[in-house]
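> Any chance you could fold what I've pasted below:
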Amino acid sequence: MQPPSDYKNAGTMMIVSGALNVVTSAGILIGLALSLIGLCVAPIWLVTLAGGVMEVVVGVTISQGKPSRMGLSASVVGLVSSVCCGNMVGMILEILAMVNLGKPEVGAWLADPGHAGVFPPRGGRPQGIEGPVQPPVGPPGPADFPMATARPVSPAVSWTGDLPLVQKRR
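Numbers count the residues shown, from 1 in each chain. Next up, the predicted model:
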């Protein structure tokens with residue numbers, strides 16, 4: 001089943017907006033790096049730069065017609081980056097991308113069971129792992145920690161006076 005055109009259009013809008021955010025953030029970073037006060041403020045613009053790069057990567061995936069759960073999240077991050085950079089064209093493109101990604105036919109295409117092998121399963125557990133690994137039964141003994149040997153530390157009790165202190169030699 002082919003992806004809807006609104007889905008691919010949203011990817012193209014995200015690529016353009018993300019590229020504008022990257023260029024704007026890089027320009028601001030270069031300008032701030034030339035001033036002493038800017039060196040304190042420059043790390044903030046690294047976040048907008050990273051948001052623009054993320055948006056371009058997800059936009060390329062979407063524009064190729066591959067299903068991606070990150071589309072709407074990347075679009076929101078791109079909108080925040082556009083607002084921080086003062087990028088009006090990017091803001092408009094991001095809003096249009098979010099509208100396209102929110103359409104019912106796009107949601108129905110992404111929810112299609114034919115994409116089951118593309119997305120990781122919900123809950124974060126990869127395929128092939130049956131369940132949690134059980135810890136060994138019983139408390140660990142000295143054989144479990146061959147390098148640990150105990151020797152007393154002065155003072156011989158803790159500051160509350162009720163627990164003996166033991167230091168392990170490594």
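> okay, P142: pLDDT?
The model reports P142 with a pLDDT of 66.
> What values do phi and psi take at A111?
Reported as degrees, to the nearest 10, the phi and psi values for A111 are phi -80, psi 0.
> Now do it against R69, distance only.
In this view, A111 and R69 are 11 Å apart by Cβ to Cβ, to the nearest Å. C-beta here means a position set from N, CA and C on the backbone, and glycine is covered the same way.
> which one of those two has more residues nearby?
R69 (14 against 9; other Cβ atoms under 10 Å).
> what's the closest non-adjacent residue to E94?
L79 (4.0 Å; Cβ to Cβ, 6 or more residues apart in numbering).
> For that neighbour, grab the count of nearby residues.
Around L79 there are 22 residues (other Cβ under 10 Å).
> and it, that one's in a helix?
Yes. With DSSP: H, G, I helix; E, B strand; the rest coil as the criterion, L79 is located in a helix.
> Was I right to think it contacts M91?
Yes. L79 lies in contact with M91 (Cβ atoms under 8 Å); the separation is 6.4 Å.
> quick one: least confident helix or strand in this protein?
Sorted by mean pLDDT, DSSP states H and E, the helices and strands of the chain end with strand 149-157, the least confident at a mean of 52.
> For this structure, which segments are assigned as strands?
Along the chain, the segments classed as strands by DSSP state E run 149-157, 164-169.
> for the last one, what is the average pLDDT?
Throughout strand 164-169, pLDDT has a mean value of 61.
> Do a quick rundown of the helices in the chain.
5-33, 38-63, 71-85, 88-101, 104-110 (DSSP state H).
> Mind putting the ones you listed into CSV with mean pLDDT and distance to G138?
Output for the helices of the chain, formatted as CSV (pLDDT from 0 to 100; distance: least, Cβ to Cβ, whole Å):
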stretch, mean pLDDT, distance to G138
helix 5-33, 90, 54
helix 38-63, 86, 47
helix 71-85, 91, 45
helix 88-101, 93, 53
helix 104-110, 87, 48
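> For P139, which of those helices is the nearest?
Counting by Cβ to Cβ, P139 lies closest to helix 71-85 out of those; the figure is 44.2 Å.
> elements contacting the closest one?
helix 5-33, helix 38-63, helix 88-101 (3 or more Cβ pairs under 8 Å, 6 or more residues apart in numbering; DSSP states H and E).
> For it, output the C-alpha coordinates as CSV.
Taking Å, rounded to 0.1, in the frame of the first residue of the first chain, the C-alpha atoms of helix 71-85 are listed here in CSV:
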residue,chain,number,x,y,z
GLY,A,71,7.0,12.3,12.5
LEU,A,72,4.7,14.3,14.8
SER,A,73,7.3,14.5,17.6
ALA,A,74,10.0,15.8,15.2
SER,A,75,7.5,18.3,13.8
VAL,A,76,6.9,19.7,17.3
VAL,A,77,10.6,19.9,18.0
GLY,A,78,11.0,21.7,14.7
LEU,A,79,8.3,24.1,15.6
VAL,A,80,10.0,24.9,18.9
SER,A,81,13.3,25.3,17.1
SER,A,82,11.7,27.6,14.5
VAL,A,83,10.2,29.8,17.2
CYS,A,84,13.5,30.0,19.1
CYS,A,85,15.3,31.0,15.8
